[in-house]
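Student: Could you look at this predicted model? Sequence included:
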Amino acid sequence: MATLEHTIASHASDVNWVTFSSTVLASCSGDKTVRLWEMGTWAELPCSPLLGHSYPVHCCCFSSFGTQLATCSTDGTINLWGSKSGQRLTTLAHPRNNGMRTVSFSPDSNVLVAGSVDGTLVLWDAYTKEMLSVIEAHDTSICACAFTPDGNFLLSGSMEGNMKLWDGRYGNNKCLYYLAEGHDLGVTCCVFSPTFGSANPDNPIPETQPRMQYFMLASCGADMLVKLWDVHVSPGYEMRLRVNLQGHSATVNACAFTPDGKRLASGSVDRAAIVWNPLTGEKLYMLTGHPRCVTTVAFSLDGMYLATGCMDRTVRIWRLADGPAVIPVQDGASKTEKLVDVQDAAAPITAQETTEPPQPKRKPLSDWSVEEVCDWLREKGLEQNIETFRENEIDGNELKQLTNETLSKDLGIAALGQRNKILRGIKSLQESESSSTSGQAQANLVALASALPPQLMQNLVSTFAPSLMANMAQSTGPTVTTSKGATPQAASDDKVPDEYLCPITREIMVDPVIASDGYTYERKSIESWLQKGKMTSPMTNALLPNMNLTPNRMLKMLIQRHFGRQ
């Protein structure tokens, strides 16, 4: 059984992370704040909100005894807070001032690690606050890192989709194990089971392998999967896939174990959270109700509550127990979800029961209000521009008229990357509206044409809609030719992924390289940028830490594969 006990709606932007201590729930957001809530009453603590970051806060975690809270941000800093007083104890800065996406304490709270957008892992002594090591771990942003339960090893996952195992005690730069294909399109989160394998000293050790040490890892990513792995650390290093947990229909953003390791939760862009039995791989139940992407999940230390954070700016608190599965309430504002008994709550849920809720249909762009435009900016991760759009009263009609020049000169958006992202988003909205309208007209015409005699259909198509002939040919069977006898080719459905285009020229990259801002560019374009004396990032307008360019071999391979198939 699972009931929705409480909804927190105090953040002004996306909720990026939630975490529990024994008495407190912490949440952090794109609104630059961290908030603390008393468990049980869910009242905000007097010291909350915690203010100290100048950009969105991506992640937060408590120390083992819950006395300290660590938070990391795009501003390139980690803040350590007293969890009772809310006082900022210290600020730790990334050595290159790069943004940090994930932060974690070691199990004994002696070491603090952060994964950053430039692909580095940075380790600090949590007591002396001295930097222990900077590991050049990945070529792209690190969104996932976790210590093994004994604290001896550290695993990291990148947006390229690979995972690496490191020494967690001394933080040396030697990679102990490399898994090239963890998740297609990127690893978003990873966490070790606190009780499985060698994490539980009561587990029997095989007599044939007395030195065997292994742990269970859960990871998730943009391939819509949650994966369970056996991570062997003695004798030798190895990662073996146990099972793929399939149930989400979009990118899985987060995963978390209960402290007893008997349940695993995952949250996804499909607006749902799923609770699994990690020992059997069975789906226990699905929690729905968030109108937008679920960004984070966390269990309380007693396993009684599950917190889910969302892009709708809310945190939902679910009370968990063994029993019925959850069916979402469609109407009404009751805090409790309707419950439907199932014969076996531990049995896998069928595909019919886990069908993704229908996506809400957008209003026409011309009808958008200023606030709806601001909501769209939040969806695109452009919160820093909201106040500018609001002050200039940019509604849907005005949004359609924006150009690179007006964004730069009239609205004062200096960063090329932000301007490109806004313009690409506007183009996507307009194409979506256009395809929706033309798609219905096309469907109607195809249906009409399929009922006509072939000769009349040919005349209609060639006269009024030659661009639809390929679709009609597929729908009606015979190939349709023009009066000149030529057979047109259907337009390819394979659009070039935006990641394959250089942000500067918007052309397909041939030799992609990663600059020190963490972004990938065509080598000739970024070299030309630097040769002109521009020492700032084309994407963020921030000063580049250095002029180093690293080949992005993974992306180059993906581009070659993509065009090799066409």
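Tutor: Now that the structure is in, tell me what you want to look at. Residues are numbered from 1 along each chain as shown.
Student: The nearest residue to T540 once chain neighbours are set aside and Y519: what is the separation?
Tutor: Counting by C-beta to C-beta, 6 or more residues apart in numbering, A415 is the residue found nearest to T540 once chain neighbours are left out, at 5.3 Å. C-beta coordinates here come from the backbone N, C-alpha and C atoms, glycine included. Per C-beta to C-beta, to the nearest Å, A415 is found 11 Å from Y519.
Student: Show me the common contact partners of these two, please.
Tutor: Residues touching both A415 and Y519 (C-beta atoms under 8 Å, 6 or more residues apart in numbering): S537, M539.
Student: Compare the two (neighbour count), which wins?
Tutor: Per other C-beta atoms under 10 Å, whichever of A415 and Y519 has more neighbours is Y519, with 22 against 19.
Student: contacting residues for the more buried one?
Tutor: Counted by C-beta under 8 Å, 6+ apart, Y519 has contacts G417, P503, S537, P538, M539.
Student: Farthest-apart pair in those residues, please.
Tutor: P503 and S537 (9.9 Å; C-beta to C-beta).
Student: and for those two, which residues touch both?
Tutor: In contact with both P503 and S537: G417, Y519, using C-beta under 8 Å, 6+ apart.
Student: and G115, bridged to which residues?
Tutor: Taking DSSP bridges as the rule, G115 bridges to T102, L121.
Student: Which parts of the stretch 451-566 of the chain are strands?
Tutor: Under the criterion DSSP state E, counting those that start in this stretch, the stretch 451-566 of the chain carries strands at the ranges 512-514, 520-522, 550-551.
Student: For those strands, state which one has the densest average packing.
Tutor: strand 520-522 (a mean of 24; mean count of other C-beta atoms under 10 Å).
Student: Identify the residues contacting that one?
Tutor: By C-beta under 8 Å, 6+ apart, strand 520-522 touches 140, 499, 502-505, 507, 509-515, 529, 538, 552, 555.
Student: Now do the contacts for the residue nearest to W368 when sequence neighbours are not counted.
Tutor: Among residues not flanking W368 along the chain, G396 sits closest, at 3.0 Å (C-beta to C-beta, 6+ apart). Neighbouring residues of G396 by C-beta under 8 Å, 6+ apart: K363, P364, L365, S366, D367, W368, S369, E372, V373.
Student: How much space separates the closest residue to the first one other than its chain neighbours from Q384?
Tutor: Of all residues not flanking K363 in the chain, E372 sits nearest, at 7.3 Å (C-beta to C-beta, 6+ apart). Computed with C-beta to C-beta, the distance linking E372 and Q384 is 18 Å.
Student: what do you get for A542?
Tutor: 12 Å.
Student: Repeat that for L264.
Tutor: Distance from L264 to Q384, by C-beta to C-beta: 35 Å.
Student: Between the two, which is the more surrounded one?
Tutor: L264 (27 against 16).
Student: Just list the residues touching that one, thanks.
Tutor: Applying C-beta under 8 Å, 6+ apart, we find L264 in contact with A218, V226, L245, C255, A256, F257, T258, V275, W276, N277, P278.
Student: Check which element follows the worst-scoring helix or strand of the chain on mean pLDDT along the chain.
Tutor: Least confident helix or strand of the chain, by mean pLDDT, DSSP states H and E, is strand 339-340 with a mean of 29. Heading C-terminal from strand 339-340, the first helix or strand you meet, by DSSP states H and E, is helix 370-379.
Student: Now tell me what touches the following helix or strand past that following helix from outside.
Tutor: Once the chain leaves helix 370-379, the next helix or strand it forms, by DSSP H and E, is helix 386-391. With contact meaning C-beta under 8 Å, 6+ apart, helix 386-391 is reached by V370, E371, V373, C374, L377, R378, L411, G412, I413.
Student: got the CA coordinates for helix 386-391 in CSV?
Tutor: Taking C-alpha atoms only, helix 386-391 is exported to CSV below (Å, rounded to 0.1, in the frame of the first residue of the first chain):
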residue,chain,number,x,y,z
ILE,A,386,12.9,34.4,-16.6
GLU,A,387,13.0,37.8,-14.9
THR,A,388,14.2,39.4,-18.2
PHE,A,389,11.3,37.9,-20.1
ARG,A,390,8.8,38.8,-17.4
GLU,A,391,10.0,42.4,-17.2
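Student: Leaving out sequence neighbours, find the closest residue to Q213.
Tutor: S234 (4.0 Å).
Student: Now do the buried residues in stretch 39-56.
Tutor: For stretch 39-56, burial by neighbour count (16 or more other C-beta atoms under 10 Å) applies to M39, W42, L45, S48, P49, L50, G52, H53, P56.
Student: Any chance of CSV for the contacts of L264, columns pLDDT, secondary structure and distance to R313?
Tutor: Formatted as CSV, the contacts of L264 follow (pLDDT from 0 to 100; DSSP: H, G, I helix; E, B strand; the rest coil; distance: C-beta to C-beta, whole Å):
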residue, pLDDT, secondary structure, distance to R313
A218, 97, strand, 27
V226, 96, strand, 25
L245, 95, strand, 28
C255, 97, strand, 22
A256, 97, strand, 20
F257, 96, strand, 26
T258, 94, coil, 26
V275, 95, strand, 23
W276, 95, strand, 27
N277, 94, strand, 31
P278, 94, coil, 30
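Student: Tell me the most packed of those residues, by neighbour count.
Tutor: C255 (30 neighbours).
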